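[1] return atomic coordinates for the entry below.
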Amino acid sequence: MQYIFTLIVLFIGASNMLIGQIQFSDQSALLGCSNSSYGVGTLGGGISFFDFDADGWDDITVSSEFGEPIRFFRNDQGTFSPVTFNFTDQFAETKTVQWVDFDNDGDYDLFSVSNTHAYRLYENDGNMQFTDISPAAGLAVPDYHSWGASWGDYNNDGWLDLFISSRDNDTASVHNKLYHNNGDKTFTDVTVSAGISTDDFITFCSVFFDYNNDGWQDIYMANDRPWNLNILYENNGDGTFSDVSAASGADIGISAMSNTIGDYNKDGWLDIYITNIPDGNVFLKNNGDGTFTDIAQSNGTFMESYAWGAVFLDAENDTDLDLYVSSMLTNSQTLYITSAFYENDGTGVYSIPADAGFEDDAGRSYANAIGDITNDGYPDMCVLNFQPDDIYLWHNESPQNNNWIKVKLQGDASNRQGIGSWIEISVNGEKQYNYTLCGEGYIAQNSGYEFFGIGSATSIDYIKVTWLSGIVDIINNPPINVQGTIVEGSNVLAVEEQLLSEDAIAVFPNPVREILQFKIPEELLQTSVRMLDIHGRTLFSKKMRKLSEHIDISAYSKGVYYFTFENNITKKVIIY
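    Numbers count the residues shown, from 1 in each chain. Next comes the predicted model:
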């Protein structure tokens with residue numbers, strides 16, 4: 001197997017303890033994401049932290065205010081560069097921006113939603129050349145102003161269907177829509193025949209997920225204003241849905257902004273976190289019997305602010321899900337929390353740790369999403385802000401004492417992205433569950449890789465994938481600290497990057513402030529490494545006398561540098 005060695009921030013030392021301070025720092029400007037503010041559009045916009053060019057590195061896509069383009073930042077092995085694509089940008093006030101393989105051809109197409117223009121589907125020809133196929137696809141509804149979008153396969157036919165969320169206070173005829181993917185690059189509006197209400201609920205966003213574990217994707221809607229109760233549609237398995245909001249207890253009445261899905265207590269049932277104004281957020285625990293219970297006040301996540309995007313993540317890879325919530329308030333509104341990072345204590349109780357590095361009280365923040373900047377297996381975050389603030393690009397600098405695995409799916413009988421699949425891992429008999437989504441949180445899109453932290457464990461019993469097709473793949477004793485792809489029906493984890501192997505060179509942390517460390521294979525002992533600036537000038541040379549070495553680079557100014565080894569491998573390092 002051929003491995004691709006990359007610049008990494010991973011080191012597994014002698015200690016594999018679960019301790020370590022969670023630490024993030026904003027590196028948007030340093031890593032190339034300047035000029036990325038949303039602008040002044042209504043109630044913010046959406047963001048995607050998704051690998052749009054399928055090169056194994058999570059890229060960033062940023063929505064925009066009216067008159068400004070959608071912006072794309074390609075991840076070049078740990079730094080970002082703005083790129084442009086040849087599609088017909090509407091220069092609309094864009095809300096949702098998503099990448100989706102709607103036609104199962106192996107590349108990602110671009111979908112955008114606007115509250116000033118119609119939604120648009122741009123087909124990728126496989127070479128990142130895009131064509132607006134909205135009219136031919138049946139999606140170009142004139143002046144249909146919407147807000148959110150989510151993708152799922154509600155009839156399990158292997159093609160991703162589309163749910164449009166509309167928030168229009170003025171036009172009763174503008175309502176939520178469900179589109180069936182016909183499998184021939186066209187869609188059919190099945191809203192009425194599927195049992196979806198055409199009333200106007202001023203809905204911010206929706207999510208496809210399986211709340212009752214019956215193998216069929218249900219739909220949950222986050223509706224603005226307390227009199228518009230949130231709606232849970234149960235999938236009947238015959239192409240129709242039933243409203244089970246009241247019976248399930250999911251019919252909360254708040255100014256709901258987000259649908260954040262995760263299994264916070266690792267019981268195999270998906271829970272929902274919903275943001276709100278200062279009346280308090282809602283944390284719906286799935287009881288596993290078709291009902292939910294709001295536990296936000298008892299588990300520490302009530303927040304009481306003007307909250308928008310929220311995302312679950314295992315920040316330190318200690319096996320449990322933490323939670324980050326963005327707020328539109330700044331430090332000038334001192335009565336409320338400006339944003340909140342909640343750490344899970346391992347029992348499902350959350351608290352805000354001190355000094356986690358989130359210095360975000362000056363920005364008006366909305367959507368957020370997780371990805372992996374440097375492919376080190378520790379989740380990072382991007383957060384979309386109002387002008388004048390660019391996005392926050394929160395690089396995870398937590399001590400990397402814990403192990404992990406990242407998994408991406410490729411469907412065959414199921415949809416190509418594997419949306420709607422359950423991924424289960426077992427570590428020493430303890431299980432974790434992730435569920436694959438496309439469109440989540442507050443009009444956001446997370447990485448296509450599913451992150452699993454495994455703490456101090458040095459092996460995984462198995463990975464189990466249950467696809468919407470009903471096919472189940474089991475991979476026993478997979479490698480750890482790798483990212484890989486599972487193809488439906490293969491029972492194999494195809495490792496994309498072996499970030500630490502016997503013949504790899506590890507350079508970490510990166511970006512770095514003071515001490516840069518190296519881990520080298522034995523064959524490079526007594527060889528030299530040279531440090532070069534961006535002009536190719538050698539700044540110094542050091543002989544590698546041990547398998548683990550370190551260099552004090554605190555005297556050098558901020559910027560990009562290169563370390564070249566005698567085997568012609570070069571590592572790019574950022575000093576900040």
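[2] residues in contact with the residue minimising distance to the centre of the chain?
    Nearest to the mean C-alpha position of the chain, counting by C-alpha atoms, centre = their mean, stands Asn446 at 1.8 Å. Residues near Asn446 by C-beta atoms under 8 Å, 6 or more residues apart in numbering: Phe49, Phe50, Val311, Ala369, Ile370, Gly371, Leu437, Glu440. Backbone N, C-alpha and C define where each C-beta goes, glycine included.
[3] partners of the particular helix or strand that has Trp394 in it, with directions?
    With elements taken from DSSP states H and E, the one containing Trp394 is strand 392-396. Strand 392-396 has the following strand partners under DSSP bridges: strand 24-26 (antiparallel), strand 380-385 (antiparallel).
[4] of the ones you listed, which is nearest Ser165?
    strand 380-385 (17.6 Å; C-beta to C-beta).
[5] what does Leu524 show for phi and psi?
    phi -100, psi 0 (degrees, to the nearest 10).
[6] how near is the residue lying closest to it once chain neighbours are set aside to Phe508?
    Leaving aside its sequence neighbours, Leu524 sits nearest to Met544 (C-beta to C-beta, 6 or more residues apart in numbering; 5.7 Å). Distance of Met544 to Phe508, given as C-beta to C-beta, to the nearest Å: 15 Å.
[7] returning to what we had before: the residue nearest to Leu524 and Lys519 touch, don't they?
    No. Using C-beta atoms under 8 Å, Met544 is not in contact with Lys519; the gap is 10.2 Å.
[8] quick one: average pLDDT of stretch 403-412?
    The average pLDDT for stretch 403-412 rounds to 96.
[9] now that stretch, how far from the centre of its chain.
    Counting by C-alpha atoms, centre = their mean, to the nearest Å, stretch 403-412 is centred 14 Å from the centre of its parent chain.
[10] for stretch 60-80, which positions count as buried?
    60-66, 68-75, 77-80 (16 or more other C-beta atoms under 10 Å).
[11] for stretch 381-389, same thing?
    Under the neighbour-count criterion of 16+ other C-beta under 10 Å, stretch 381-389 has Met381, Cys382, Val383, Leu384, Asn385, Phe386, Asp389 buried.
[12] so which of those residues comes closest to Gly453?
    Distances from Gly453 to the buried residues of stretch 381-389, taken by C-beta to C-beta, are shortest for Met381, at 15.3 Å.
[13] ok, now which ones touch the closest one?
    24, 49, 311, 313, 324, 368-371, 392-394, 396.
[14] swap in Thr84?
    Counting by C-beta under 8 Å, 6+ apart, the residues that Thr84 touches are Phe72.
[15] for it, give its distance to Arg71.
    From Thr84 to Arg71 the distance is 9 Å (C-beta to C-beta).
[16] just Thr96 next, same as before
    Counting by C-beta to C-beta, the gap from Thr96 to Arg71 is 15 Å.
[17] cool, and Ala194?
    35 Å.
[18] beta partners of the closest residue to Phe85 other than its chain neighbours?
    Closest residue to Phe85 apart from its sequence neighbours, by C-beta to C-beta, 6+ apart: Phe130 at 5.6 Å. As for beta bridges, Phe130 partners with Asn124 under DSSP bridges.
[19] report the contact partners of Phe130.
    So Phe130 contacts Phe85, Asn86, Phe87, Asp109, Leu110, Tyr122, Glu123, Asn124 (C-beta under 8 Å, 6+ apart).
[20] mind putting the buried residues of stretch 381-389 into TSV with pLDDT?
    Below are the buried residues of stretch 381-389 laid out as TSV (pLDDT from 0 to 100):
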residue	pLDDT
Met381	97
Cys382	97
Val383	97
Leu384	96
Asn385	93
Phe386	92
Asp389	92
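[21] return the member of those residues nearest to Tyr306.
    Checking those one by one against Tyr306 (C-beta to C-beta), the nearest turns out to be Phe386, at 12.5 Å.
[22] I figured the closest one hits Gly363, correct?
    Yes. Counting by C-beta under 8 Å, Phe386 does reach Gly363; the two are 7.3 Å apart.
[23] can you pull the phi/psi pair for Pro135?
    Dihedral angles (degrees, to the nearest 10) for Pro135: phi -60, psi -50.
[24] which residues touch it?
    Contacts of Pro135 (C-beta under 8 Å, 6+ apart): none.
[25] among the contacts of Met381, name the buried ones.
    Looks like the contacts of Met381 have 24, 49, 311, 313, 324, 368-371, 392-394, 396 buried, using 16+ other C-beta under 10 Å.
[26] chain neighbours aside, what residue packs nearest to Asp58?
    Gly371 is the one closest to Asp58 (C-beta to C-beta, 6+ apart), at 3.4 Å.
[27] report the separation between that neighbour and Trp159.
    For Gly371, the distance to Trp159 - C-beta to C-beta - is 26 Å.
[28] and what of Phe49?
    To Trp159, Phe49 is 25 Å away according to C-beta to C-beta.
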